[in-house]
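need a structure here:
(one chain, ligands or ions: 2)
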Amino acid sequence: GGVQKHRFWETQPVGQFKDLGDSSLPEGPIEPPTPLSDVRPDPYGLPSAYEWSTCDISDPSVCLEVYTLLTNNYVEDDENMFRFNYSKEFLQWALRPPGFFPSWHIGVRVKSTKKLVAFITGIPARLRVRDEVVRMAEINFLCVHKKLRSKRLAPVMIKEVTRRVHLENIWQAAYTAGVVLPTPIATCRYWHRSLNPKKLIDVGFSRLGARMTMSRTIRLYKLPDATVTPGFRKMELRDVPEVTRLLRGYLARFAVAPDFDEDDVEHWLLPTENVVDSFLVESPVTHEITDFCSFYTLPSSILNNPNYTALKAAYSYYNVTTKTPLLQLINDALIVAKQKDYDVFNALDVMENEGFLKELKFGPGDGQLHYYLYNYRIRNALHPSELGLVLL
Ligand SMILES: CCCCCCCCCCCCCC(=O)CSCCNC(=O)CCNC(=O)[C@H](O)C(C)(C)COP(=O)(O)OP(=O)(O)OC[C@H]1O[C@@H](n2cnc3c(N)ncnc32)[C@H](O)[C@@H]1OP(=O)(O)O
Ligand SMILES: CN(C)Cc1n[nH]c2ccc(-c3ccc(F)cc3OCCn3ccnc3)cc12
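Residues are numbered from 1 along each chain as shown. Ligands and ions are numbered 1, 2, ... in the order given. Now for the predicted structure:
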């Protein structure tokens, strides 16, 4: 209808709701690149009390400011009971991959007090969309302080990160959000596997099932003390070349997936304490690496609970099986997560995850995660199982 539902997004080169169903529109870039000399050289205007501030995440004091802003103002669940609590180490990992641009870590400060009140980031990535490998920016950590909401600051942040990405001759982006915007390329659901059901029920994350006692519930989610797959071990630096080969071969089957090289695999998948854990199966006979699984660590703050402050959550990342049954491999990942005292193991219904969710006692979450591309049209929305991409 004529009413403007998305005043900002309707001005952007993204799939528009009005275009849905118009199969005459070609798949690919929506707008051509601009000559670099035509990219706005100066930052967008902010309200006079605020200033742009490029944030050097490697500076501990700046990293702490970013951590604190996100801890108090980032994404909450629909019932405002939990808020993501990305750790400082996680932010350093997430924002400094090979080839990152410091200028893409963008903050907004109050001029008078220098208080950090907003943030948005980009990192470079090579994403394959069907048969095209496209250099993109992955946009994340968009956050405006709770006290500055609904002042149209987000569109300015988005335009500024877009401008800085354009200056590096990159014209596409990928991002995910729990909100519906023009226009998702895929809509995923997330699922949760209880590891510490008593705590999850105490904090209101889960509810005791009908006709279920607490002891019956604890028994239902019980896991073995040790992993069962022969040759299952932590990934090490020497495994990077083989894991890269294994992962590239596997991701080729999805319509959208990262085009990882060895440097990317070393950064994103080599275990980092309390940030990302990865395991592989080395055949005891041939010493070939046949399977791989990984999860990242993202706790959530528990808001307003007298007994607990944090929920320790693991999130399924990239998994590949060529020999071990997927159910068995992921169950070993659950066993390791339980050993490491995680309360819950989360997974999206992307890649082949649907094949293990119900079987391994995951329960459906209460929301959706929408995937988006900027300045790149996909003719028809993808099924989650066509996505080979997990954004942090
Ligand atoms: C070629 C390179 C291109 C690079 C750029 C690519 C694009 C990258 C895009 C960014 C990807 C980020 C990915 C990411 O970080 C992962 S999604 C997590 C986003 N962050 C949070 O949810 C944290 C808590 N919320 C907030 O801090 C604020 O509510 C935010 C800052 C979300 C909006 O602040 P606000 O004070 O509540 O709102 P106004 O300033 O008044 O602005 C309202 C306008 O903002 C639109 N909006 C709301 N939420 C959005 C969201 N999550 N993405 C995109 N747009 C979003 C909304 O539709 C409206 O536009 P419309 O009128 O057209 O509908
Ligand atoms: C992806 N990355 C961009 C962060 C992000 N932004 N917006 C989101 C909305 C949902 C999920 C999500 C993804 C996977 C999952 F298993 C559970 C999730 O949210 C549960 C609800 N919740 C929100 C906060 N605390 C709990 C992530 C995100």
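
Give the full set of residues in contact with Val276.
With CB atoms under 8 Å, 6 or more residues apart in numbering as the criterion, the residues that contact Val276 are Trp93, Trp268, Leu269, Leu270, Ser294, Phe295, Tyr296, Thr297, Tyr317. C-betas here are computed from N, CA, C, even on glycine.

can you rerun that using 7 Å?
By CB atoms under 7 Å, 6 or more residues apart in numbering, the contact set of Val276 is Trp93, Leu269, Ser294, Tyr296, Tyr317.

Ala333 too?
With CB under 7 Å, 6+ apart as the criterion, the residues that contact Ala333 are Phe279, Cys293, Phe295.

Might one say that the last one is in contact with Ala313?
Think Phe295. No. Between Phe295 and Ala313 no contact is recorded; they are 9.4 Å apart, counting by CB atoms under 7 Å.

Who has more neighbours out of those two?
For Phe295 versus Ala313, neighbours defined as other CB atoms under 10 Å are more numerous around Phe295 (26 against 23).

What pLDDT does the model give the residue of the stretch 201-350 of the chain found nearest ligand 2?
For the stretch 201-350 of the chain, the residue positioned closest to ligand 2 under CB to the nearest ligand atom is Asn346, at a distance of 3.2 Å. On the pLDDT scale, Asn346 is placed at 98.

ditto for the one 5 residues further on
For Met351, the pLDDT comes out at 98.

How much space separates it from Asn380?
19 Å (CB to CB, to the nearest Å).

What is the neighbour count of the closest residue to Arg152 other than its chain neighbours?
Ranked by CB to CB, 6 or more residues apart in numbering and with sequence neighbours excluded, the top spatial neighbour of Arg152 is Phe8, at 7.6 Å. By the other CB under 10 Å criterion, the neighbourhood of Phe8 contains 15 residues.

Report the secondary structure state of the residue of the stretch 201-350 of the chain closest to ligand 2.
For Asn346, the reduced secondary structure class is strand; criterion used: DSSP: H, G, I helix; E, B strand; the rest coil.

mind checking how far it is from Ala257?
Plainly put, Asn346 is 20 Å away from Ala257 if you go by CB to CB.

who's more crowded, the two?
Of the pair Asn346 and Ala257, Ala257 is the one with more neighbours under other CB under 10 Å, namely 23 against 19.

In which helix or strand does the more buried one reside?
Secondary-structure assignment from DSSP states H and E places Ala257 in strand 256-258.

Name the next helix or strand following that strand along the chain.
Sequence order places helix 262-269 as the next helix or strand after strand 256-258, per DSSP H and E.

mind listing what's buried in that following helix?
Asp264, Val265, Glu266, His267, Trp268, Leu269 (16 or more other CB atoms under 10 Å).

Apart from its neighbours in sequence, what residue is nearest Asn307?
Spatial nearest neighbour of Asn307, excluding adjacent residues (CB to CB, 6+ apart): Asp202 at 6.4 Å.

that older thread, do I have it right that the residue of the stretch 201-350 of the chain closest to ligand 2 meets Leu195?
No. Look at Asn346 against Leu195 with CB under 7 Å: they stay out of range, at 10.6 Å.

Surely Val165 is in a helix?
Yes. Val165 sits within a helix when classified using three-state DSSP.

what does the stretch 1-150 of the chain put close to ligand 1?
Proximity of the stretch 1-150 of the chain to ligand 1 (CB under 6 Å from any ligand atom) is limited to residues 6-9, 73-75, 137, 139-144, 149-150.

how does it look with 8 Å?
The stretch 1-150 of the chain comes close to ligand 1 at residues 4-12, 14, 73-76, 118, 120-122, 136-137, 139-146, 148-150, as judged by CB under 8 Å from any ligand atom.

hmm, stretch 198-214 touching ligand 2?
No. No part of stretch 198-214 sits near ligand 2 under the criterion CB under 8 Å from any ligand atom; the closest distance found is 9.0 Å.

Measure how far that stretch is from the centre of its chain, please.
A distance of 27 Å separates the centroid of the chain from that of stretch 198-214, by CA atoms, centre = their mean, to the nearest Å.

Straight-line length of it, end to end?
End-to-end span of stretch 198-214 (CA to CA, to the nearest Å): 7 Å.

So for it, what gets flagged as buried?
Those buried within stretch 198-214 under the rule 16+ other CB under 10 Å are Lys199, Leu200, Ile201, Asp202, Val203, Phe205, Ser206.

Next, the nearest residue to the second one once chain neighbours are set aside: phi, psi?
Using CB to CB, 6+ apart and skipping residues adjacent in sequence, the residue nearest Leu200 is Ser206, 4.1 Å away. According to degrees, to the nearest 10, the main-chain angles of Ser206 amount to phi -120, psi 160.

Spell out the residue ranges of the helices in the stretch 101-250 of the chain.
Taking DSSP state H, counting those that start in this stretch to define them, one finds helices in the stretch 101-250 of the chain at 153-166, 197-202, 214-220, 240-251.
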